[in-house]
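# coordinates only, sequence not included:
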């Protein structure tokens, strides 16, 4: 049996086989010392386990650290390209030529709101670069840089005329989509954290991105309730409808978010994959039960408003649910969020 | 050149042993070697001592439970602060329906819920109820209240982020990690809004986020956090986090 001949055969039908191995570096750890440690009889079994790991994403095994980092990188590309296309540049990381359309979008907002958006844009571009570096340092391969043409931020799957048509010409719509992306990111990092726990430094870095996404989400929500031209939006109280005038945190399910027909899933429950560690669940954002305790019932004597018990905790989303939400913004045929 | 000691430093170095707190290890070394334990303890534990690891401090413990107790301690501090401010004239003077009243009400609800959640979750493993020291805060002053709120919220975010690594990787630990994640993002939302209220547009400024380079939050170690938090706790309630390693 020739191991490399088998790989070569697989390559004929799956050109990405080596990338699959490479992106799951742990596989090579299992191969280390093959000759010394394994008898010929054990080899077929060991190889079965190697292929199982290499093709793990399509089965039910938990994501590896590189898997989670590349998943996060995909979401950061989604966000970075969104802010780049709306505010400055041709979409790609590091391009800063501002077009007339981008100038016109900015003109619909107060200078303070534009400055805030540019800060968020900077962070997201830096997150892309940071994650690419972190993957490389971890001995893994970052995903290929996606083409900007792979995304359709109108949600039209490539038609450019989806439910968010005008997202880069209507500042209100731009903020609505921005909030949706950031709130999704916050839930996604939370859902990915358990799979990073075995590496302290990578876990800490991911947590340090997670909270920045939450700061972004809060600012976008503040701007949405304050109004586009407001120069001090934090001074505006939230209105009665969290969909159009949200608090800086998620209250219940926010009436389905900024555009309920498209965004309700962002605040809904996730479907736990079979590999999810026991006890970790993905309830909707209006959840009031934490660690098995219904806090609204247990702390009823506080006489707090019911909404406070859900607001006090954000909820995680599992990887597959996030991919499904994110694929709203890729074109038909794209496998980026597959 | 570097060995030359300036007169000022020499003087400081000379007087140091007279008032510097005795570090934990040497403290116990002395304590174990003599019968005069009480006298030494009194000598080592003066009132304004902020060393992390002195007897009479509250040890949050180690591992997953240590992190939970550490979080519980910080939530006690935050909840105590938002409870106290409700009797100050700044808060009582806020108009019904105003943004600042809405925000401070929500923050009070959220932080009290966090505190009570940890108390229930920890059960008999919980540290005691801490006695805060808010004597440096003027609850009648908007500036004092909001700048303290900002400090607490930012501190909370950097503390949770920095402590995630000390949670165990067993199944229980992973569940705790997710719960801590559920809370820290709400703290970050608080921090962003309060910061904007204090200084418009400062939600990710460079004192909390490495905005010029990686775009990452600047997390803090437990030792860095309690060096600040202990200033807001009375003697006997100050935190020892030396076992969170």
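Great, that's in hand. None of these values were measured; they are calculated from a predicted model. Numbers count the residues shown, from 1 in each chain, chains lettered A, B, ... in the order given.
# which stretches of chain B form strands?
With DSSP state E as the criterion, chain B has strands at B:58-59, B:239-240.
# Include mean neighbour count when you put the ones you listed into JSON lines, please.
No exception for glycine: its C-beta is placed from N, CA and C like everyone else's. Below are those laid out as JSON lines (neighbours: other C-beta atoms under 10 Å in any protein chain shown):
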{"stretch": "strand B:58-59", "mean neighbour count": "18"}
{"stretch": "strand B:239-240", "mean neighbour count": "23"}
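# Would you mind giving these as TSV with mean pLDDT added?
What follows is the strands of chain B, written out as TSV (pLDDT from 0 to 100):
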stretch	mean pLDDT
strand B:58-59	98
strand B:239-240	98
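# Which one, of those strands, ends up nearest to residue B:186?
Residue B:186 lies closest to strand B:239-240 among these, at 22.1 Å (C-beta to C-beta).
# From the chain's centroid, how far away is the closest one?
Distance of strand B:239-240 from the chain centroid (C-alpha atoms, centre = their mean, to the nearest Å) equals 9 Å.
# repeat for stretch A:157-169
Put simply, stretch A:157-169 sits 21 Å off its chain's centre (C-alpha atoms, centre = their mean).
# ditto for stretch B:128-142
Using C-alpha atoms, centre = their mean, the offset of stretch B:128-142 from its chain centre is 13 Å.
# Please identify the buried residues of it?
Going by neighbour count (16 or more other C-beta atoms under 10 Å in any protein chain shown), the buried part of stretch B:128-142 is B:130, B:132-134, B:137, B:139, B:142.
# I'd like to know which of those residues are part of helices.
Using DSSP state H, residue B:142 are the members of the buried residues of stretch B:128-142 that sit in helices.
# which ones are touching the closest residue to residue B:102 other than its chain neighbours?
Closest residue to residue B:102 apart from its sequence neighbours, by C-beta to C-beta, 6 or more residues apart in numbering or on different chains: residue A:237 at 4.8 Å. Taking C-beta atoms under 8 Å, 6 or more residues apart in numbering or on different chains, we find residue A:237 in contact with A:225, B:97-99, B:102.
# Show me which of the residues you listed are buried.
A:225, B:99, B:102.
# Helix or strand: which one has residue A:216?
Using DSSP states H and E, residue A:216 sits within helix A:200-226.
# List the buried residues of that helix.
Buried-residue list, helix A:200-226, by 16+ other C-beta under 10 Å: A:202-226.
# Return the list of helices and strands in contact with the helix or strand just after it.
Downstream of helix A:200-226, the first helix or strand assigned by DSSP H and E is helix A:260-263. With contacts taken as 3 or more C-beta pairs under 8 Å, 6 or more residues apart in numbering or on different chains; DSSP states H and E, helix A:260-263 sits against helix A:171-192.
# near chain B at all, the helix it packs on?
Yes. For helix A:171-192, a contact with chain B is found by C-beta under 8 Å from any C-beta of the partner chain, at A:186, A:189-190.
# For the residues you listed, give me JSON lines that also has pLDDT.
JSON lines is the format used below for the residues of helix A:171-192 next to chain B (pLDDT from 0 to 100):
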{"residue": "A:186", "pLDDT": "98"}
{"residue": "A:189", "pLDDT": "98"}
{"residue": "A:190", "pLDDT": "98"}
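# got a markdown table for these, with neighbour count too?
Listed next are the residues of helix A:171-192 next to chain B as a markdown table, based on neighbours: other C-beta under 10 Å:
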| residue | neighbour count |
| --- | --- |
| A:186 | 29 |
| A:189 | 28 |
| A:190 | 27 |
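# Out of the residues you listed, flag the one nearest to chain B.
Within the residues of helix A:171-192 next to chain B, distances to chain B taken as C-beta to the nearest C-beta reach their minimum at residue A:190, with 4.2 Å.
# Now do the contacts for the closest one.
Residues in contact with residue A:190 (C-beta under 8 Å, 6+ apart) are A:210, A:314-317, B:178, B:181-182, B:185.
# Kindly report the same for residue A:218.
Contact analysis of residue A:218 by C-beta under 8 Å, 6+ apart lists A:248-249, B:188-190, B:192-193, B:203.
# Which of these fall within helices?
Among the contacts of residue A:218, DSSP H puts B:188-190, B:192-193 in helices.
# Using a markdown table, lay out the strands of chain B together with distance to residue A:77.
Formatted as a markdown table, the strands of chain B follow (distance: least, C-beta to C-beta, whole Å):
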| stretch | distance to residue A:77 |
| --- | --- |
| strand B:58-59 | 45 |
| strand B:239-240 | 41 |
